[in-house]
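Q: Quick one, structure for this:
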Amino acid sequence: MNIALGIEYSGSQYCGWQRQSHSPSVQQNLEEALSQIANHPVSVFCAGRTDTGVHATGQVVNFHLTSERKLKAWYLGANTKLAKDISIVWAKEMPDNFHARHSAFSRRYRYLIQNTQYPTAILAGKVTPYRYPLDASKMHQAAQALLGEQNFASFQASSCQSPTSFRLMQKIAVSRWQDFIIVDIKANAFLHHMVRNIVGCLIEVGSGRKEVDYVALVLEKQDRTQAPMTAKPDGLYLIEVSYPEEYQIPKMPLGPLMLPDVLE
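A: Residues are numbered from 1 along each chain as shown. Alright, predicted model coming up:
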């Protein structure tokens, strides 16, 4: 039996999604909880491996089960075994050919910047504070240079193990909602630190330190050393993974803060 789950989590206390020997991970916590319910060891496959401190409201995983359990055992029973900052939102039996990563055709991330002069307290670790004024309109204009299938080597972390730095950027939008700058990015897949490196460039434009064509110039150089610092992980969320309609994957809230959908 192949089971898919919708997962949300706060990544603040974890070394990222992937299991590590030195620090707690989301994957380890989830697999341990699921193994207790399944009564046998469970290994999960995820749609996107989020980094240290990165959150998710739309993560999708799947695993294979050798014992039978009702679906509610996963979103009711397993949630009692999970840490409070990880939650299973839905569960669905899938055909054997479904794979959370390989069956997906796009991922969508949202980056939140609180653009105020004071640091946030309630949202600490959930948004990235930036105290100087940012021009969302210029950031949006600059971001459009990234659309299409391109070489994103300038936004690729040196530790990235991908065999190619080409990705298909399907949509990217930047907007302001009250004190928040929302950066929404959708692509077929992402390189390690790609979203955070893009946001770092957009902040340079929004702050006025660079012109609108700066992002396009950095992209053309295909050299990570020519781009600015990587933006912090705090404001980054994996919010949606898209699959072929045949799998009928449930829609999850975009979250957090119920901010508007700027890509629609």
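Q: Give me the domain ranges for the protein.
A: As given by automatic domain parsing, the domain ranges for the chain are 2-103, 108-239.
Q: For residue 245, find the nearest of these.
A: domain 2-103 (11.8 Å; C-beta to C-beta). All C-beta atoms are positioned from the backbone trio N, CA, C, and that covers glycine.
Q: Which parts of the stretch 1-150 of the chain are strands?
A: Taking DSSP state E, counting those that start in this stretch, the strands of the stretch 1-150 of the chain run over residues 2-9, 45-46, 55-64, 86-94, 106-114, 128-129, 148-151.
Q: Neighbouring strands - and their directions - for the first one?
A: The reference is to strand 2-9. In the sheet, strand 2-9 lines up against strand 55-64 (antiparallel), strand 86-94 (antiparallel) (DSSP bridges).
Q: what's the answer for the fifth one, then?
A: Sheet partners assigned to strand 106-114 using DSSP bridges are listed as strand 128-129 (parallel), strand 180-187 (antiparallel), strand 236-242 (antiparallel).
Q: And the residue nearest the centre of this protein?
A: The centroid of the chain falls nearest to residue 238 when counting by C-alpha atoms, centre = their mean (2.3 Å).
Q: Was I right to think that one contacts residue 58?
A: Yes: Residue 238 is within contact range of residue 58, at 5.8 Å (criterion: C-beta atoms under 8 Å).
Q: what residues do those two have in common as contacts?
A: Residues touching both residue 238 and residue 58 by C-beta atoms under 8 Å, 6 or more residues apart in numbering: residue 108.
Q: what's the burial count for residue 109?
A: Residue 109 is flanked by 25 other residues according to other C-beta atoms under 10 Å.
Q: wait, what's in contact with it?
A: By C-beta under 8 Å, 6+ apart, the residues touching residue 109 are 184-186, 190, 195, 236-239.
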